[in-house]
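>>> Give me a 3D structure for the following:
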Amino acid sequence: MNLLDRDGLTEGQFFEQYRAGDFERPSVAADMVIFTVTNTEADSYRKLPEKELRILLIRRGGHPFLGNWALPGGFVRPDETTEQAAVRELREETGVDDVYLEQLYTFSDVGRDPRTWVMSCSYMALINSDQVQLKAGDDADLAAWFKVTYRLLRERKELIEDGDVKTKEYELKLSSEEEELTAVVGRTMTSKSASTSTTYSIVSNDGLAFDHAKIIAYAIERLRGKVNYTDIVLHLMPPLFTLTDLQQVYEVILDKELLKAAFRRKVADLVAETDHYTENAGHRPSRLYRRNMEEYQ
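Predicted structure coming up:
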C-alpha cells in the first residue's frame, strides 16, 4: 500500500522531486578538549612532584585566526560520524585513540566561525601524557600542552518574574613555557518554576581562536562535576599509582585541597591495592593501587 502525503505524492515520488540544495546546510566540525595530568619538577629529591592539569592546543597555521591557539579538531567527513571524526583527530594529533572519550555539547551559535555556518560537536578526552607523541595537523604549525586554571572571578544574582538569573564569571588561564592565554567566560543560569536554562558567553579573550574558550570552560565544568560521582579521574592515572598521587590529581582538577582521611574514604571502592610499592622515590616506599574494574563493570 502506497501512502500519499498532503501533496498526493508517494514516498518514491517525494524523493524523486526532493532537492537537498533547497535548504542551507551547515558544516560540522569535531573539536577536542584533550586533558592530561603531568608532574612538575620537584624542588628536592625527597619532595613529591606536584601535578598540573593540561590541555592540548594547536597554533593555527592558516586563516582565520592565523597564529592564534585553538583546540585540535577538524571537519566531519561525509563517510564518518562525529565520534569517528573525533577519534581520527585525536589519533592524528596525539598518536593514541584507545582512551576515555565522551561528547560534551554541540555549539551552534550564529557567527561562531567567520568562514561559514559551522556547528561544532565537541568531545572531551582523558589521556596519559606518557603515551602521547604530538603532531600538528594540516592547518596547524605547532601543538603544545598548556597548564589550565579556571577560577571564579565574580558572581551576581537578579530576581525576575517567576524566578531568578544567576551569573558567574570565570577566569580561564592557559600557560605554556613560552606563552600565556587568558579569557573570561560567563555562565548564566536562568531558573523559573517550570524550566532552567544555562548559557555561556565570552566576556574577554586573548589568544584563543573561535569560541574555544567557551568550549574549554564547558569541558572543565563537566570534568569537575563528574569527579564527584564517577571514577573518571582514574582515566588520567597510570596503571599503578599511589593514593597520594590520586589525591593530587583530584585536587588539581577541583582546584582545592582535600582532607586526606575523607578523600581515602571517598575513593575506597574505586581502587584496589596491589602488592607493589614505589621504588627510588626518595622517601619511604608507598603502596601502589590500581583501578577497581569490578566496581564499575
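>>> how about the nearest residue to residue 200, chain neighbours excluded?
residue 214 (4.8 Å; CB to CB, 6 or more residues apart in numbering). Every C-beta, even on glycine, is put in place using the N, C-alpha and C of the backbone.
>>> How about the contacts made by the one you found?
Counting by CB atoms under 8 Å, 6 or more residues apart in numbering, residue 214 touches 107, 185, 200, 201, 202.
>>> among the residues you listed, which ones are buried?
107, 185, 200, 202 (16 or more other CB atoms under 10 Å).
>>> Now do the helices in the stretch 1-150 of the chain.
With DSSP state H, counting those that start in this stretch as the definition, the stretch 1-150 of the chain shows helices at residue ranges 11-17, 82-94.
>>> Can you spell out which helices and strands pack onto the longest one?
Read that as helix 82-94. strand 27-39, strand 51-60, strand 73-75, strand 100-107, strand 118-126 (3 or more CB pairs under 8 Å, 6 or more residues apart in numbering; DSSP states H and E).
>>> want to try TSV for those strands, with mean pLDDT as columns?
Shown next, in TSV, are the helices and strands packed on helix 82-94 (pLDDT from 0 to 100):
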stretch	mean pLDDT
strand 27-39	94
strand 51-60	93
strand 73-75	94
strand 100-107	97
strand 118-126	97
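>>> Tell me which of those strands lies nearest to residue 208.
Residue 208 lies closest, by CB to CB, to one member of the helices and strands packed on helix 82-94: strand 51-60, at 8.1 Å.
>>> Parallel or antiparallel, list what pairs with that closest one.
According to DSSP bridges, strand 51-60 forms sheet pairs with strand 27-39 (antiparallel), strand 69-70 (antiparallel), strand 140-160 (antiparallel).
>>> Go through the ones you listed and name the closest to residue 82.
Among those, strand 27-39 comes nearest to residue 82, with 5.1 Å by CB to CB.
>>> what comes up buried for that closest one?
28, 29, 30, 31, 32, 33, 34, 35, 36, 37, 38.
>>> same deal with stretch 58-66?
For stretch 58-66, by 16+ other CB under 10 Å, it's 58, 59, 60, 65.
>>> can I get the residues you listed in JSON lines with distance to residue 265?
As requested, those are exported to JSON lines (distance: CB to CB, whole Å):
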{"residue": "58", "distance to residue 265": "41"}
{"residue": "59", "distance to residue 265": "44"}
{"residue": "60", "distance to residue 265": "46"}
{"residue": "65", "distance to residue 265": "47"}
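>>> can you name the two of those residues that are farthest apart?
Checking those with CB to CB, the most distant pair is 58 and 65, at 11.0 Å.
>>> burial of residue 249, as a residue count?
19 (other CB atoms under 10 Å).
>>> Can you name the residues that contact it?
37, 51, 233, 236, 237.
>>> Now the host helix or strand of it: buried residues?
Assigned by DSSP states H and E, residue 249 belongs to helix 243-254. Buried residues in helix 243-254, defined by neighbour count with 16+ other CB under 10 Å: 243, 245, 246, 247, 248, 249, 250, 251, 252, 253.
>>> Turn these into TSV, including pLDDT.
Formatted as TSV, those follow (pLDDT from 0 to 100):
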residue	pLDDT
243	96
245	93
246	96
247	96
248	95
249	96
250	97
251	96
252	95
253	96
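>>> Run through the strands of the stretch 151-297 of the chain in chain order.
For the stretch 151-297 of the chain, the strands defined by DSSP state E, counting those that start in this stretch cover 163-175, 180-192, 196-206, 271-277, 287-291.
>>> I'd say residue 164 and residue 193 touch.
No: using CB atoms under 8 Å as the test, residue 164 is too far from residue 193 to be in contact (10.9 Å).
>>> So the two - more neighbours on which side?
Ranked by neighbour count (other CB under 10 Å), residue 164 and residue 193 place residue 164 first, with 12 against 7.
>>> In the sheet, which residues pair with the more buried one? Tell me.
Per DSSP bridges, the residues bridged to residue 164 are residue 159, residue 191.
>>> How about residue 192, nearest residue that isn't a chain neighbour?
residue 163 (3.8 Å).
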